[in-house]
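J.: pasting the structure only:
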């Protein structure tokens, strides 16, 4: 029998956090799912099912990429309208991740997780049955809700698993983002190449329905809640500010960075988020606890997440363009989108294999060491890319090294957050951390586009980025990775880094302990 104690409400719980007496890992061992002392089938499948949901989320975000060049012809829409199939998912995911995280802390993480998976599946179904660009954009916005799957799942794992299993499970959950992205691109490209494009969305609809059914069956409701009144004003303010920010960043290259629309969006972003900050600081039950988020043990992992998201995204973004460049450029390999996806596939496999390694490093040395090491490995990977980006095998090696670093960094970030916040705020805090990664990726996309636009040459009468432009993009992403490493090294030490409190049987930190040293 494990030593995991049922999480009933105790005097050590955080103020306002309720722990309802529902089934726990210890309780379940005696259920019909399995004999006493042994977890049942449902409990053993909880981690794989949640990981499958994370992979689905990443797949849904990437499957549309191979379609983008052909969608104007297939839908009769302009290229600008088609680009909104990516932008809509980015915006809705950024807005809904912290909102659904907070809702999960308040109303039940399993309940909100199932809602996010259902919206993702509904969006895929709508894409499968229409060619109307307006419906497609709305459907992709629905799919953005899936971005909350990973932070909600990580919070469920913290609440449901005994401490000795949490580290490896969280590391696996974090790596699903890269695994799904690496798998989604080549699979989607092959479907698009050999079948009608709607078949791809029928396939993802089936996968989504299967993931939803498995989650409904295998995932138990978390006993940890933080009841209260939902901060609707805070949610609306955050949504408005993020839409202005991400819309300005993502469309700056197309609309012009000095255009009135972009300048107006960025100015509105600053004004709205400033007002939102003051509203959240004074709200009795804020959407985002800024007093907690401003503490170094929480704020610095958020900064590191922003920088790591930037550094990670540069690899897949630049690599995909570089290997598809025409051979006439002197450096391009002229690969198809399917071949490009296969080049990135080893990185996804490596992320799956290295997730338990990252958990062991965090257990032995602490997650901030793992984060710093991961960021440093990402920088080394970009150094490899700068040294040689002409030979395919060196491109794959460099991309794979970056994938290793991303696995280490992404597995450490949620662990740092889990150790720094009360149990009743894990979903919302991890939602903010994922949001920071998303913002980092959006900024990276804009920055890489700006670099490549200013370093082009004519090949066959068409402007094509130069190799020097690509190398500058690699250098920029590598520099940001070094900054992420520096941010990790100044994160205050974790008072529970050696497991002393867990050794005393304290499986649930009190509110004061969660804030200690922050």
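T.: Done, it's in. Remember, it's a predicted structure, so these values are computed and weren't measured experimentally.
J.: ok, residue 108 - contacts?
T.: Taking C-beta atoms under 8 Å, 6 or more residues apart in numbering, we find residue 108 in contact with 221-222, 225. Quick note: C-beta positions are derived from backbone N, CA and C, even for glycine.
J.: Serialize these to JSON lines and add fields for secondary structure.
T.: Converted to JSON lines, the contacts of residue 108 look like this (DSSP: H, G, I helix; E, B strand; the rest coil):
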{"residue": "221", "secondary structure": "coil"}
{"residue": "222", "secondary structure": "coil"}
{"residue": "225", "secondary structure": "strand"}
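J.: ok, and for the helix or strand that contains residue 402, which residues are buried?
T.: Following DSSP states H and E, one finds residue 402 within helix 392-420. By 16 or more other C-beta atoms under 10 Å, the buried positions in helix 392-420 come out as 395-420.
J.: check which helices and strands whichever helix or strand comes after it sits against.
T.: Sequence order places helix 426-453 as the next helix or strand after helix 392-420, per DSSP H and E. Contacts defined by 3 or more C-beta pairs under 8 Å, 6 or more residues apart in numbering; DSSP states H and E place helix 426-453 against helix 79-107, helix 149-160, helix 232-255, helix 290-293, helix 296-324, helix 392-420, helix 467-489.
J.: picking that back up, and the helix holding residue 402, what does it pack onto?
T.: Against helix 392-420 (3+ C-beta pairs under 8 Å, 6+ apart) you get helix 149-160, helix 163-194, helix 296-324, helix 337-365, helix 367-387, helix 426-453, helix 467-489.
J.: what's the closest of those to residue 129?
T.: Nearest to residue 129, of all the helices and strands packed on helix 392-420, is helix 163-194, at 16.5 Å by C-beta to C-beta.
J.: could you list every helix and strand in contact with the closest one?
T.: helix 46-62, helix 149-160, helix 197-218, helix 296-324, helix 337-365, helix 392-420.
J.: go through those helices and pick out the most buried.
T.: Per residue and on average, the most neighbours among the helices and strands packed on helix 163-194 fall to helix 149-160, with a mean of 29 (mean count of other C-beta atoms under 10 Å).
J.: what about that one, average pLDDT?
T.: Rounded to a whole number, the mean pLDDT of helix 149-160 is 90.
J.: check the offset of it from the chain's centre.
T.: Offset of helix 149-160 from its chain centre (C-alpha atoms, centre = their mean, to the nearest Å): 13 Å.
J.: returning to what we had before: mind putting the helices and strands packed on helix 426-453 in TSV, distance to residue 447 included?
T.: As requested, the helices and strands packed on helix 426-453 are exported to TSV (distance: least, C-beta to C-beta, whole Å):
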stretch	distance to residue 447
helix 79-107	15
helix 149-160	24
helix 232-255	9
helix 290-293	25
helix 296-324	8
helix 392-420	17
helix 467-489	6
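J.: closest one to residue 217 among those helices?
T.: Of all the helices and strands packed on helix 426-453, helix 149-160 sits nearest to residue 217, with 14.4 Å by C-beta to C-beta.
J.: now that closest one and helix 163-194, what's the angle there?
T.: Counting by axes from the mean of the first three to the mean of the last three C-alpha atoms, to 10 degrees, helix 149-160 points 160 degrees away from the direction of helix 163-194.
J.: show me what helix 149-160 is packed against.
T.: Looks like helix 149-160 contacts helix 46-62, helix 79-107, helix 109-128, helix 163-194, helix 392-420, helix 426-453 (3+ C-beta pairs under 8 Å, 6+ apart).
J.: and the angle for that helix with helix 392-420?
T.: 50 degrees.
J.: just the angle between helix 149-160 and helix 109-128, please?
T.: Using the same axes, to 10 degrees: helix 149-160 against helix 109-128 is 160 degrees.
J.: now tabulate the helices and strands packed on helix 149-160 in CSV and tack on distance to residue 273 and mean pLDDT.
T.: What follows is the helices and strands packed on helix 149-160, written out as CSV (distance: least, C-beta to C-beta, whole Å; pLDDT from 0 to 100):
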stretch, distance to residue 273, mean pLDDT
helix 46-62, 25, 90
helix 79-107, 13, 87
helix 109-128, 24, 95
helix 163-194, 25, 82
helix 392-420, 21, 91
helix 426-453, 12, 88
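J.: need these in a markdown table (columns: distance to residue 324).
T.: A markdown table is the format used below for those (distance: least, C-beta to C-beta, whole Å):
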| stretch | distance to residue 324 |
| --- | --- |
| helix 46-62 | 15 |
| helix 79-107 | 17 |
| helix 109-128 | 24 |
| helix 163-194 | 11 |
| helix 392-420 | 12 |
| helix 426-453 | 13 |
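J.: which one of these lies closest to residue 252?
T.: helix 426-453 (5.6 Å).
J.: what average pLDDT does the next helix or strand after the closest one get?
T.: Sequence-wise, the next helix or strand downstream of helix 426-453 (DSSP H and E) is strand 456-459. Across strand 456-459, the average pLDDT comes to 80.
J.: partner strands of the helix or strand following strand 456-459, with direction?
T.: Downstream of strand 456-459, the next assigned helix or strand under DSSP H and E is strand 462-465. Sheet pairing of strand 462-465 (DSSP bridges) gives strand 456-459 (antiparallel).
J.: who's in contact with the residue positioned nearest the centre of the chain?
T.: With distances taken as C-alpha atoms, centre = their mean, residue 434 lies nearest the centre of the chain, 5.0 Å away. Residue 434 is in contact with 97, 147-148, 150-151, 305, counting by C-beta under 8 Å, 6+ apart.
J.: again, 7 Å this time
T.: Counting by C-beta atoms under 7 Å, 6 or more residues apart in numbering, residue 434 makes contact with 97, 147, 150-151.
J.: how much space between it and residue 449?
T.: Distance from residue 434 to residue 449, counting by C-beta to C-beta, to the nearest Å: 23 Å.
J.: follow-up on the earlier one: export the helices and strands packed on helix 163-194 to TSV and tack on distance to residue 442?
T.: Shown next, in TSV, are the helices and strands packed on helix 163-194 (distance: least, C-beta to C-beta, whole Å):
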stretch	distance to residue 442
helix 46-62	13
helix 149-160	17
helix 197-218	23
helix 296-324	9
helix 337-365	20
helix 392-420	17
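J.: quick one, which of those helices is nearest to residue 453?
T.: helix 296-324 (12.2 Å).
J.: helices or strands next to that closest one in the packing?
T.: helix 290-293, helix 337-365, helix 367-387, helix 392-420, helix 426-453, helix 467-489 (3 or more C-beta pairs under 7 Å, 6 or more residues apart in numbering; DSSP states H and E).
J.: so which of those is nearest residue 192?
T.: Using C-beta to C-beta, the helices and strands packed on helix 296-324 put helix 337-365 closest to residue 192, at 8.0 Å.
J.: quick one, that closest one and helix 392-420 angle?
T.: 40 degrees.
J.: and residue 168, which of the helices and strands packed on helix 163-194 is closest to it?
T.: So among the helices and strands packed on helix 163-194, helix 337-365 is nearest, using C-beta to C-beta, at 4.1 Å.
J.: for the contacts of residue 108, which one is nearest residue 379?
T.: Checking the contacts of residue 108 against residue 379 by C-beta to C-beta gives residue 222 as the nearest, at 37.0 Å.
J.: enumerate every residue touching that closest one.
T.: Counting by C-beta under 7 Å, 6+ apart, the residues that residue 222 touches are 108-110, 155-156, 159-160.
J.: show me how the protein divides into domains.
T.: Annotated domains of the chain cover 24-229, 231-286, 295-498+507-518 [automatic domain parsing].
J.: neighbours of residue 468, just the number please.
T.: 12 (other C-beta atoms under 10 Å).
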